[in-house]
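A.B. asks: just to be clear, the model below is a prediction. Sequence and coordinates:
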Amino acid sequence: MSEPRALFQLGIDLNRDSRKTQAEVLEFPHHAADLANVETLSEGPRPHAEERKDFFIERDGVRFAGTHLIIDLIGASRLDDLAHIEETLVRCVEVSKATLLHIHLHHFTPNGGVSGVAVLSESHISIHTWPEADYAALDVFMCGEAEPQNSIAVLQEAFGPSNIRVEELRRGQGMV
């Protein structure tokens with residue numbers, strides 16, 4: 001693979017100063033208690049203190065992998081404000097009782113749109129904004145005991161949309 005292609009895959013644009021258009025990946029520290037049951041290749045398998053949890057969800061007698069919210073924000077503001085978007089994603093993770101691993105955001109020019117993802121232990125929250133159209137598309141997918149529906153109020157407060165459309169999918173229903 002050529003060096004420019006490899007750098008592009010890492011999010012580095014060689015044709016412009018990418019420091020102006022790309023946020024850094026933010027790594028959050030892990031607590032030792034969170035890693036108690038994690039196996040690494042160097043350690044190999046080890047006995048777990050408690051039985052393995054699969055983090056599947058059971059609701060209304062139906063078992064599924066996770067809740068996936070497809071969210072459209074219409075008539076929204078501050079969709080080009082990188083720091084505000086990052087803070088909002090962090091708040092969404094907190095109120096959803098999820099575990100943030102890292103956030104990666106990219107700021108596009110000239111329209112100022114933002115694409116990014118908050119990677120979670122429970123899955124992810126992704127965002128893509130079109131500030132010129134006052135529109136944002138988000139995916140909030142979480143498994144386990146996380147509460148992704150709690151993120152909707154945070155998005156309402158943060159971006160003040162005139163309309164929010166939410167579709168809820170139960171991923172993996174009938175498969176797990």
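C.D. replies: Looks like it arrived, so ask away.
A.B. asks: lowest-pLDDT helix or strand in this structure?
C.D. replies: Scoring the helices and strands of the chain by mean pLDDT, DSSP states H and E places strand 26-27 at the bottom, with a mean of 40.
A.B. asks: list the helices and strands the next helix or strand after that one packs on?
C.D. replies: The first helix or strand that comes after strand 26-27 along the chain, using DSSP states H and E, is strand 57-59. Where contact means 3 or more Cβ pairs under 8 Å, 6 or more residues apart in numbering; DSSP states H and E, strand 57-59 is packed against strand 62-64. (Glycine included, C-beta is placed from N, CA and C.)
A.B. asks: in the strand it packs on, which residues are buried?
C.D. replies: Phe64 (16 or more other Cβ atoms under 10 Å).
A.B. asks: can you list the neighbours in contact with the helix or strand that comes right after it?
C.D. replies: Going down the chain from strand 62-64, the next helix or strand is strand 66-74, by DSSP H and E. Residues external to strand 66-74 that are found in contact with it (Cβ atoms under 8 Å, 6 or more residues apart in numbering): 57, 79, 122-123, 134-144, 148-149, 151-152, 155, 159, 161-172.
A.B. asks: CA atoms of the next helix or strand after strand 66-74 as CSV?
C.D. replies: Sequence order places helix 82-95 as the next helix or strand after strand 66-74, per DSSP H and E. Extracted as CSV, the C-alpha positions of helix 82-95 are listed here (Å, rounded to 0.1, in the frame of the first residue of the first chain):
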residue,chain,number,x,y,z
LEU,A,82,-16.7,20.7,16.8
ALA,A,83,-16.1,21.2,20.5
HIS,A,84,-19.9,21.4,21.1
ILE,A,85,-20.5,18.2,19.2
GLU,A,86,-17.7,16.4,21.2
GLU,A,87,-19.2,17.6,24.5
THR,A,88,-22.7,16.5,23.4
LEU,A,89,-21.5,13.0,22.4
VAL,A,90,-19.8,12.7,25.8
ARG,A,91,-23.0,13.7,27.6
CYS,A,92,-25.0,11.2,25.5
VAL,A,93,-22.7,8.5,26.6
GLU,A,94,-23.0,9.5,30.2
VAL,A,95,-26.8,9.7,30.4
